[in-house]
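> can't give you the sequence, but here's the structure:
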C-alpha cells in the first residue's frame, strides 16, 4: 500500500477518534458562556463533526492531489459518457440492492430503520451545516477509504467477490449498526462494483452522495410523502370503482 494511503487511513481514523477530545472541549467552552452541559451536548457533537470532517477532507485531498491530477490523463478508465451513465444508473442499482437487503433483514425479524440515520437527522436539526457532511463530504471520504484504498488494495491480491466482501463487511462494521450489517454490506458491494466497472472513484462517490442526499430528503419530508401515498391510494381506489 502506498504511504499516502496509510496517511489517509490515519487521518480518517483520527477524525473519528478526535471527537473524544473535540466534543467535550466545545461543550466546556459553551458552559463558560452560561450554557448548560445538556444544552451544549448536541451542538458540540454537530459542531465537531463539521470541523473534523472538513479538516480530514482537506488533508486527504492534499495526499491525493497527485492521483487527482493524474486521473485526468488515465486512458484505461471508462469514457466520460459511460461513466456518467453508470453513475446515474448506480443510484438505482444501489436502491435495488438496499431494498433486497432490507427485505431479507425483514424476513430475519430485524426491525427496519437506522438509529445512525435518526441521529444524523437530529444533528442536522441542531446544525444545518451537518447536511453538507452527511450528504457530500462523508460519502466522499468513505468511498476514498473503503473503496479506493481498502477494496482497491485487497483487489490486487484477491478476486472481486472476496475483495468486495471483506471491504463491505469492514464498511458495515465501521457504522456500528451490527444488526444492519447485511444492508451496509449490500451498499458496499454495489459501490465496489461501480468502481471496478468504471475504474473511476467519482462514479461510486456520485451514487453514494445521491443515496445519502435522498435519505435526508425523505426523512425531512416523511409526513408529506406518507400523505401523498395515502392520497394516491385513495385515487386508485376511486378509479378502481369505475372499472
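Yep, it's here. Quantities reported herein were computed from a predicted structural model and do not represent experimental measurements.
> going along the chain, name the strands of the chain.
Assigned by DSSP state E, the chain shows no strands.
> so what are the domain limits for it?
1-73, 79-243 (automatic domain parsing).
> contacting residues around residue 7?
Going by Cβ atoms under 8 Å, 6 or more residues apart in numbering, residue 7 touches residue 63. Bear in mind the C-beta positions are built from the backbone N, C-alpha and C, glycine included.
> which residue is the nearest non-sequential neighbour of residue 5?
Using Cβ to Cβ, 6 or more residues apart in numbering and skipping the chain neighbours, the partner closest in space to residue 5 is residue 149 (4.8 Å).
> report the separation between the one you found and residue 20.
Taking Cβ to Cβ, to the nearest Å as the measure, residue 149 falls 24 Å from residue 20.
> between these two, tell me which one has more neighbours.
Neighbours were tallied for residue 149 and for residue 20 using other Cβ atoms under 10 Å; the higher tally belongs to residue 149 (23 against 10).
> so what's the more buried one up against?
Residue 149 makes contact with 1, 5, 8, 9 under the criterion Cβ under 8 Å, 6+ apart.
> ditto for residue 42
Taking Cβ under 8 Å, 6+ apart, one finds 122, 123, 126 in contact with residue 42.
> thought the second one was touching residue 47?
By that I understand residue 123. No. At 9.6 Å, residue 123 and residue 47 do not qualify as touching, with contact defined as Cβ atoms under 8 Å.
> low pLDDT regions in the chain?
For the chain, applying pLDDT under 70 flags the ranges 37, 70-77, 113, 222-243.
> ok, and the most crowded of the contacts of residue 42?
residue 123 (22 neighbours).
> show me the contacts of residue 149 that map onto helices.
5, 8, 9 (DSSP state H).
> sorry, back to before: among the contacts of residue 42, which are in helices?
Counting by DSSP H, the contacts of residue 42 place 122, 123, 126 in helices.
> center of the protein - which residue?
residue 139 (4.0 Å; Cα atoms, centre = their mean).
> which residues touch that residue?
Per Cβ under 8 Å, 6+ apart, neighbours of residue 139: 205, 208, 209, 211, 212.
> so the third one sits right up against residue 134, yeah?
In other words, residue 209. No. Counting by Cβ under 8 Å, residue 209 sits too far from residue 134 to count as a contact (10.0 Å).
> excluding sequence neighbours, find me the nearest residue to residue 170.
Leaving aside its chain neighbours, residue 170 sits nearest to residue 150 (6.1 Å; criterion: Cβ to Cβ, 6+ apart).
> for that neighbour, the count of nearby residues, please.
There are 23 residues near residue 150, going by other Cβ under 10 Å.
> from residue 20, how far off is residue 216?
From residue 216 over to residue 20 (counting by Cβ to Cβ), the distance is 26 Å.
> and if you look at residue 127?
Note on residue 127: its distance to residue 20, by Cβ to Cβ, is 19 Å.
> mind listing what the nearest residue to residue 206 once chain neighbours are set aside touches?
Distance criterion Cβ to Cβ, 6+ apart; nearest residue to residue 206, sequence neighbours excluded, is residue 87 at 4.1 Å. Listed by Cβ under 8 Å, 6+ apart, the contact set of residue 87 reads 194, 202, 203, 206, 207.
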